[in-house]
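No letters, just coordinates:
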């Protein structure tokens, strides 16, 4: 099931990706809520055996195009 992330979770995910040494082509940001209910980063995954492309609105077409552009 796909759900829309709350704004604070999206802000944390953007900050985590922006902190990476290079702009990743793929990233998964795992987080949890602390005792106060604030989101905390658990893991910034830059390598993933399953890219969860079934949840992409375009079925992964944009990702495929980015890979082709990098290779060519």
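In hand now; what should we look at? Nothing here was measured: the structure is a model prediction, and the numbers come from that model.

where exactly do the helices run in the protein?
7-18, 61-71 (DSSP state H).

Select the helix or strand of the protein having the lowest average pLDDT value.
helix 61-71 (a mean of 91; mean pLDDT, DSSP states H and E).

Give me the buried stretch members for that one, please.
Of the residues in helix 61-71, none count as buried by neighbour count, 16 or more other CB atoms under 10 Å. To be clear about C-beta, it is placed using only N, CA and C from the backbone, and glycine gets the same treatment.

Now for residue 30: which residues touch it?
41, 42, 43, 44, 45 (CB atoms under 8 Å, 6 or more residues apart in numbering).

Grab the nearest non-local neighbour of the residue sitting nearest the centre point of the chain.
Nearest to the mean C-alpha position of the chain, counting by CA atoms, centre = their mean, stands residue 28 at 3.4 Å. Of all residues not flanking residue 28 in the chain, residue 45 sits nearest, at 4.1 Å (CB to CB, 6 or more residues apart in numbering).

So that neighbour is in contact with residue 24, correct?
No - contact criterion CB atoms under 8 Å: residue 45 and residue 24 do not qualify, at 9.4 Å.

so who does the closest residue to residue 27 other than its chain neighbours touch?
Counting by CB to CB, 6+ apart, residue 17 is the residue found nearest to residue 27 once chain neighbours are left out, at 5.2 Å. For residue 17, the contacting residues are 23, 24, 27, 29, 44, by CB under 8 Å, 6+ apart.
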